[in-house]
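1. pasting the sequence and the predicted coordinates here, then a few questions.
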Amino acid sequence: MTSVKQKSIAKWILIGMSVLVVSLILWNTYAFFQRFKEEERIKMKIWAAAQAELLQTSDLERDLGELPLQVLTNNSSTPMILVNVNGIITPSNMGEKVIRDPQKIQQKIKEFARVNEPLEISYKNEKLATLYYGNSDVLNKLKYYPIALILIILLFIAVILLFYRTSKISDQNKLWAGMAKETAHQIGTPLSSLVGWAEILKSQDTDPSITTEIEKDISRLQTITDRFSKIGSVPVLTKLNIVEETRNAYDYLRERSSKLISFEFTAPDYPIMTKINPQLFSWTIENLVKNAIDAMKGKGNLQVEIRNSGKYVNLLVTDSGKGIPKNKYKTIFSPGFTTKKRGWGLGLSLVQRIIEDYHEGKVKVLHSDVGKGTTMQITLKVIS
């Protein structure tokens with residue numbers, strides 16, 4: 001128990017540290033972005049001042065004043081649009097398609113005005129032009145860097161959680177397999193003794209009906225032992241008639257269930273062959289039927305039906321119980337899920353594992369109405 005608690009604490013510490021690291025990186029990235037943006041604005045103010053100086057100088061002075069020209073020509077990374085007082089538009093550092101399209105230029109002016117506050121270019125309090133500018137490629141890439149970082153961190157956390165989940169499921173599988181095999185071993189000893197006592201009773205002229213029923217229950221215990229011993233191992237599948245195998249399991253449960261339940265079995269009158277393990281397959285039928293009986297609280301109508309659709313055979317178990325809400329259709333197959341006060345919630349989980357993992361079939365809730373009943377469906381391949 002202490003080990004589980006320590007693992008849980010370690011997991012939360014790891015998640016907390018990940019969140020803290022991500023928060024620090026995002027905060028620093030945001031601070032750097034704002035600082036870089038401010039420095040870019042200062043650069044654009046210098047460019048605007050150089051432009052104002054250039055607009056007010058004569059050709060001779062312009063030849064002598066190389067500094068403003070150097071400032072203007074050195075800015076080749078920031079996209080900008082200069083609009084003078086006469087409405088003449090001069091775009092710079094943008095693609096040819098944008099520069100040649102007046103409509104796109106107007107869209108860019110609106111976009112730049114939203115991104116950065118326009119700069120007025122004036123000389124001695126006389127307005128000469130307005131400068132609209134956007135973010136440079138470096139600033140745009142930096143803007144999307146936190147999103148990429150978050151995605152990487154989320155992927156990293158998902159991998160960690162998947163590892164923990166896989167590890168936990170693997171440990172659970174080993175635990176259940178070990179418990180099942182130990183259960184089979186523990187049942188085996190008294191079962192051997194019961195077989196001996198049954199033979200003694202038969203030799204002492206005991207009522208044959210009594211010894212017959214005892215032998216049936218002994219055979220039943222042997223089947224249960226065989227089932228538990230197969231957990232954790234790959235079962236051997238045999239070509240069998242699913243109609244006969246289903247009927248055998250059905251008949252056994254009907255004889256030992258409440259007389260308040262109306263049983264009905266419907267199946268084709270010809271064999272339907274499929275590959276199954278008889279012990280595990282009968283276990284799935286029993287789990288589905290017992291769940292149906294529990295859902296009806298021991299009173300109602302229960303129908304087992306087999307339908308042949310050609311390539312596949314469908315086995316349906318229908319009850320008149322309390323039904324299952326639609327949002328629980330998949331949850332009911334999770335280990336530990338149960339609506340009963342007693343039980344570990346392993347029945348339907350075992351059914352799913354036996355059918356889907358071992359028999360390569362499918363099991364699902366075909367349909368269910370709350371307060372009216374449920375139909376569970378198993379689908380297996382038909383073999384000729």
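-> Arrived safely, thanks for sending. Numbering: from 1, shown residues only.

2. any figure for the gap between residue 89 and residue 99?
-> 10 Å (Cβ to Cβ, to the nearest Å). Where C-beta positions appear, they are placed from N, C-alpha and C, glycine not excepted.

3. now residue 84
-> The value you get for residue 84 to residue 99, if Cβ to Cβ is used, is 17 Å.

4. now residue 357
-> 63 Å.

5. so for the two, which residue has more residues nearby?
-> Set residue 357 next to residue 99 and count neighbours by other Cβ atoms under 10 Å: residue 99 wins out with 17 against 11.

6. for the residue lying closest to that one once chain neighbours are set aside, what is the enclosing helix or strand?
-> The shortest distance from residue 99 to any non-neighbouring residue, by Cβ to Cβ, 6 or more residues apart in numbering, is to residue 91 (5.0 Å). Using DSSP states H and E, residue 91 sits within strand 89-92.

7. direction included, what does that strand pair up with?
-> strand 80-84 (antiparallel) (DSSP bridges).

8. need the residues that contact the partner strand.
-> Residues from elsewhere that reach strand 80-84, judged by Cβ atoms under 8 Å, 6 or more residues apart in numbering: 44, 47, 51, 89-93, 105, 108-109, 112, 121, 128-134.

9. next: stretch 259-277.
-> Contact with stretch 259-277 is made by 230, 235-247, 250, 254, 257, 293, 296, 298-306, 308, 313, 358-359, 380-384, as judged by Cβ under 8 Å, 6+ apart.

10. can you give me the buried ones in stretch 248-264?
-> Residues 249-250, 252-253, 261 are the ones in stretch 248-264 that count as buried (16 or more other Cβ atoms under 10 Å).

11. which residues are in contact with residue 45?
-> Counting by Cβ under 8 Å, 6+ apart, residue 45 touches residue 119.

12. regarding it, what is its secondary structure?
-> Of the three states, residue 45 takes helix according to DSSP: H, G, I helix; E, B strand; the rest coil.

13. any idea how far residue 38 is from it?
-> From residue 45 to residue 38 the distance is 11 Å (Cβ to Cβ).

14. also residue 205?
-> Going from residue 205 to residue 38 by Cβ to Cβ gives 106 Å.

15. quick one: which of those two has more around it?
-> Neighbour comparison, residue 205 and residue 38: the larger count goes to residue 38, with 10 against 7 (by other Cβ under 10 Å).

16. over to the more buried one. Which of the three states is it?
-> Here residue 38 is recorded as helix under three-state DSSP.

17. go on, residue 294?
-> At residue 294 the chain is in helix, as set by three-state DSSP.

18. need the pLDDT of it.
-> At residue 294, the pLDDT value in this model is 87.

19. show me which of the contacts of strand 80-84 are buried.
-> Buried subset of the contacts of strand 80-84 (neighbour count, 16+ other Cβ under 10 Å): 44, 47, 51, 89, 91-93, 105, 108-109, 112, 121, 128-134.

20. assign a three-state SS to residue 302, would you?
-> Using three-state DSSP, the secondary structure recorded for residue 302 is strand.

21. before we move on, what about the one 5 residues further on?
-> Under three-state DSSP, the three-state class of residue 307 is strand.

22. how about it: what's its closest non-neighbour residue?
-> In space, residue 307 is closest to residue 314, 4.6 Å off (Cβ to Cβ, 6+ apart).
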